[in-house]
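1. Need the 3D shape of this:
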Amino acid sequence: MIVSTKAIVIHTFKFGDTSLIVKLYTQTDGIKSYLIKGAFSHKSKFKAAYFQPLNLLDIEASHNNRGTLNSLKEVRVHYHYQTIPTNIVKQTILIFLAEILNSSLVEAENQETLFEYLITALTWLDTHDKTSNFHLLFLLNLSKYLGFYPETKMNGANFFDLSEGKFSNNLTIGEVINNDDLKLFKSLLGTNFDSIEQLKLNSQIRQQLLNILIHYYEIHISGFKKPKSLPILKSIFE
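-> Predicted coordinates for the structure are as follows:
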């Protein structure tokens, strides 16, 4: 079946000497993987540069829907990043988020609202300067589309149950956060990207909040892998 769709580059790895296998999150069919033959050859129709982490593409592809590798017929850049290619902080954030998505999006995932959220968030990152807290809100918002966004009824709660995703005044048998960690977690709820930098977080607090969010993902996503780029991400905000 021939499909024309927007797509987001999630993961790539080299196959043989000159080829790539590329995982894309497509607007029409969710996660799809493609074999790009000769991607590193100067004669290739599809250059490896197209498939940088979280590049936004328009593609025409042949989808076989048999769980095997698909093939691309046309590839164009849907949106050309303006600031990310020359901004090491934004590049690092993008690599980190690509790893998060690679662990979070399952093969059958196909939610157009999630796709639109990703497009909106990534273009916001590209077009704004103050982005040091962006990845924190990105992770929190992403949990909404993955099915474990925190319950927003706080009612003066003293604990947040990470396992249940709920605030509580009672200490449960599950994993919880409280005290300063709870205040940090609450501070993200109800925040949007345009106001995210109003949260005055130093590097230590930012890292602690990131640790909480990563652990929240580990609890709720089977097989979730902590991103290899996490230490690099933390280092750029020290």
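
2. The chain - how does it break down into domains?
-> Domains of the chain are assigned by automatic domain parsing as 2-79, 84-236.

3. Tyr216: neighbour count?
-> If you count neighbours by other CB atoms under 10 Å, Tyr216 ends up with 23. In this view, the C-beta of every residue, glycine as well, is placed from N, C-alpha and C.

4. Show me what the helix or strand where it lies is packed against.
-> Using DSSP states H and E, Tyr216 sits within helix 203-220. Secondary-structure packing of helix 203-220 (3 or more CB pairs under 8 Å, 6 or more residues apart in numbering; DSSP states H and E): helix 88-104, helix 134-146, helix 179-188, helix 230-236.

5. Among those, which comes closest to Ile212?
-> Ile212 lies closest to helix 179-188 among the helices and strands packed on helix 203-220, at 6.0 Å (CB to CB).

6. what's the angle between the biggest strand by length in the chain and helix 88-104?
-> For the chain, the longest strand by residue count, based on DSSP state E, is strand 2-15. If you take axes from the mean of the first three to the mean of the last three CA atoms, to 10 degrees, strand 2-15 sits at 100 degrees to helix 88-104.

7. got the buried residues for strand 2-15?
-> Val3, Thr5, Lys6, Ala7, Ile8, Val9, Ile10, His11, Thr12 (16 or more other CB atoms under 10 Å).

8. and it, what does it pack onto?
-> strand 19-26, strand 30-36, strand 56-62, strand 71-79, helix 88-104, helix 112-127.

9. Distance from the chain centre to the first one, please.
-> Looking back up the chat, that one is strand 19-26. Here strand 19-26 is found 16 Å from its chain centre; the criterion is CA atoms, centre = their mean, to the nearest Å.

10. With the fourth one instead?
-> Between the mean C-alpha point of strand 71-79 and the mean C-alpha point of its chain there is a distance of 21 Å (CA atoms, centre = their mean).

11. Check the average confidence over that strand, would you?
-> Mean pLDDT, computed over strand 71-79, is 95.

12. now swap in the third one and tell me
-> For strand 56-62, the per-residue pLDDT values average out at 96.

13. Specify the angle between that strand and strand 2-15 in degrees.
-> Going by the same axes, to 10 degrees, strand 56-62 makes 100 degrees with strand 2-15.

14. got the buried residues for strand 56-62?
-> Leu56, Leu57, Ile59, Ala61.

15. Same check on the fifth one?
-> Across helix 88-104, burial judged by 16+ other CB under 10 Å covers 90-104.

16. nearest to Arg206, of those?
-> Ile93 (12.2 Å).

17. Now that closest one: closest residue in space that isn't a chain neighbour?
-> Nearest non-adjacent residue to Ile93, counting by CB to CB, 6 or more residues apart in numbering: His135, 5.2 Å away.

18. Who are the contact partners of the one you found?
-> Ile93, Phe96, Leu97, Leu210, Leu233 (CB atoms under 8 Å, 6 or more residues apart in numbering).
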